[in-house]
Every structure is written in C-alpha cells, then in structure tokens.
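Peer 1: I would like to see how this sequence folds:
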Amino acid sequence: MAATGMSIHVGLNKVDPKKYGGWDGKLIACENDARDMAQLAQEAGFTGTTLLTADATVKKVTAELRKAAKKLVSGDILLFTYSGHGGQVPDLNGPEDESDRLDETMCLFDREYIDDELFREFEGFAAGVRILVFMDSCHSGSGIKVREILTPKAMQEQFQTKDPTQVETTSRLMPLEKQAELYERDKEFFDDIQRKLNAKDHRELGATALLISACQDNQLAADGLRNGLFTATLLDVWNGGKFTGGYKAFHREILKKMPATQSPNLYIVGPTNKRFVQGTPFGI
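Peer 2: Predicted coordinates:
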C-alpha cells in the first residue's frame, strides 16, 4: 500500500498587534514562502493545507497537526513548513534541553508558540511516521549581534539596509525589547506551559522528525522581496525536483549557497530512520 503524504504550510506577513502589545511584525515574503512550499508539496504528491497570516492561529495550527496525527500511520510522512518571525522565552525545562536557557518560538497570529508545544504535537504521531520540518525564521535573541560584524554591503545584500538599527525590521527576528515585554506580560502563561511539558530531548517520539531551519541560533534569517533568503535558496537547490541526493546532501547544497552570516541548521530527533534521511527530499 502506497504511503500517504500530508503537508501544513504556515506563513505570516504580520501578527495581531492587539495580542503583541502594539507590534504588528510586518514582513514581506512569508505568505509567498508558504504558497511556494505548498506548490512544491502538491507537485510531490502531498495533500496540503495552507494557513496564512490571520488564519495562522495557535488553535488552527494545532488542529491541523492533530488531524494529521490521527490519519498518518507508519511509513507515512508529514511536511510542516513555517515562515514568519521567531522569538524566545526563558527555558524552564533544564540546561540539557537548551544550552542558552532559551526556548525558541514561532510568532503565530495570536501568540508565540513555544517549540516544546510543537514537539508535544509530534509525540502524537504513530511510530514510523516521518515528519519533515522547514523553518524560515530567526530563533535566537542573541542573533541580533550579527549586525555588529556585517559590513554595510553585506547588510544591504542580506537585509536591504545599511543601517544596523534597521536590521530587526528586515530580518525575521521579533525585536528583543518586544520579546522581553511580552514575556513579562505573559510570564505565568508561558511558564505554566513549560512546566506541563517535557524538554524536547526527553521526548519519547515514535515518529522521526527531521528539521532544517533557516539559520543557527546565533544568526538572523533574512526576509526578501519575493521569498525569504532560506526558502529562495531551498527552492533554487530543489530546482523543480531535479535535485538528486538525500536530506544531508540537500542541506549541504543549501548551506553552500547561503552567506556565512546565515547558515541553515539540520536537526534530527526520534528513532533512527536511515531510509528517511537518505531518501530523496519530499519523497512520499
């Protein structure tokens, strides 16, 4: 029996300022990223759902993940892509989970969604399911330091500005002062979520999750006029399906085409699945 492929594509060009203390997080290319990844997935044979901006709420994203978890069985695959702002909250799950003692978040339309919450949903998938995740966002508060080492030319090429103070505006990092403000406002809520969840490296996943993210924890992800830099590079390497090789080779080729200041990361969690990792990207 043929395997089933389901996909979920999330892209936000802004967030609800009423929920984020007046900050709307305006970006340019995230909805395009989600649409283009959805098109790639459709061409690869996935059945997909796309959630754009106001539809990309915690409730709807969680519902789609749980719908997929109920349907997919061993040998099937979920493709999950996210394009938008990334933030952080203090990590309460122990230093073995996050060495910088910070948990990364996706900035969904109505609130930040902690990475531990995403991994909780992954726990709901059956053993043997493959989960493929691409994240085009910043996920490090310390990443803003990158602006201190970029030349004006490099800043112009990567972030469309020569002004270091404007880098936050054209990258996919939630401004640091806004991260701190929102955490202080919602500290009890976020702390309670983490107390109820196991740290990611303590999760007993039956599925194997392979994640490729837009940058390292100490870097920023650049927005763009059409696509984010990471998504644009991924699509270029994929080349309409002409790429040959496994996921590690796919990651390497994307990495080669990215600037040194934005190096995509590859992370695998769950049971060893060599057939998955060595298989053709987006193969069902």
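Peer 1: Spatially central residue for this structure, please.
Peer 2: For the chain, residue 135 is the residue whose C-alpha lies nearest the centre (C-alpha atoms, centre = their mean; 2.3 Å).
Peer 1: hey, which helix or strand in this protein has the poorest pLDDT?
Peer 2: The helix or strand of the chain with the lowest confidence, counting by mean pLDDT, DSSP states H and E, is helix 167-170 at a mean of 54.
Peer 1: Name the nearest residue to the residue nearest to the centre of the chain, sequence neighbours excluded.
Peer 2: Sequence neighbours aside, residue 213 is the residue nearest to residue 135 in space, at 4.3 Å (criterion: C-beta to C-beta, 6 or more residues apart in numbering). (Glycine included, C-beta is placed from N, CA and C.)
Peer 1: ranges for the helices of the stretch 51-200 of the chain?
Peer 2: With DSSP state H, counting those that start in this stretch applied, the stretch 51-200 of the chain shows helices at 58-71, 115-122, 152-159, 167-170, 176-185, 187-195, listed in chain order.
Peer 1: nearest to residue 273, of the ones you listed?
Peer 2: Nearest to residue 273 among the helices of the stretch 51-200 of the chain is helix 115-122 (13.7 Å), distances taken as C-beta to C-beta.
Peer 1: Next, the contact list for the residue lying closest to residue 72 once chain neighbours are set aside, please.
Peer 2: Nearest non-adjacent residue to residue 72, counting by C-beta to C-beta, 6+ apart: residue 129, 5.0 Å away. Shown in contact with residue 129 (C-beta atoms under 8 Å, 6 or more residues apart in numbering): 72, 73, 74, 75, 76, 77, 78, 206, 207, 208.
Peer 1: Save those residues as a markdown table, and put in neighbour count and pLDDT too.
Peer 2: As requested, the contacts of residue 129 are exported to a markdown table (neighbours: other C-beta atoms under 10 Å; pLDDT from 0 to 100):
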| residue | neighbour count | pLDDT |
| --- | --- | --- |
| 72 | 22 | 98 |
| 73 | 14 | 98 |
| 74 | 13 | 97 |
| 75 | 16 | 97 |
| 76 | 21 | 98 |
| 77 | 25 | 98 |
| 78 | 26 | 98 |
| 206 | 15 | 94 |
| 207 | 25 | 97 |
| 208 | 24 | 96 |
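Peer 1: Out of the residues you listed, the closest to residue 278 would be?
Peer 2: residue 208 (12.2 Å).
Peer 1: surely that closest one meets residue 132?
Peer 2: No. Counting by C-beta atoms under 8 Å, residue 208 does not reach residue 132; the two are 9.5 Å apart.
Peer 1: three-state assignment of residue 226?
Peer 2: Three-state call for residue 226 (DSSP: H, G, I helix; E, B strand; the rest coil): coil.
Peer 1: Verify the contact between it and residue 236 for me.
Peer 2: No. Between residue 226 and residue 236 there is no contact under C-beta under 8 Å: 11.7 Å.
Peer 1: ok, now which ones touch the residue nearest to residue 135?
Peer 2: The neighbours of residue 213, taking C-beta under 8 Å, 6+ apart as the test, are 134, 135, 137, 139, 264, 265, 267.
Peer 1: Separate out the buried members of those residues.
Peer 2: Among the contacts of residue 213, those classed as buried by 16 or more other C-beta atoms under 10 Å are 134, 135, 137, 139, 264, 265.
Peer 1: Now intersect those with the strands, please.
Peer 2: Taking DSSP state E, the ones among these that sit in strands are 134, 135, 265.
Peer 1: Same list (those) but as JSON lines, adding pLDDT and distance to residue 242.
Peer 2: What follows is those, written out as JSON lines (pLDDT from 0 to 100; distance: C-beta to C-beta, whole Å):
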{"residue": "134", "pLDDT": "96", "distance to residue 242": "19"}
{"residue": "135", "pLDDT": "95", "distance to residue 242": "24"}
{"residue": "265", "pLDDT": "92", "distance to residue 242": "24"}
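Peer 1: quick check, nearest of the residues you listed to residue 89?
Peer 2: Taking those together and measuring to residue 89 by C-beta to C-beta, the closest member is residue 135, at 16.6 Å.
Peer 1: Verify the contact between the closest one and residue 214 for me.
Peer 2: Yes. Using C-beta under 8 Å as the test, residue 135 is close enough to residue 214 to be in contact (6.2 Å).
Peer 1: got any ranges where the stretch 101-250 of the chain has weak pLDDT?
Peer 2: Where the stretch 101-250 of the chain drops to pLDDT under 70, the residues are 101, 139-171, 198-203.
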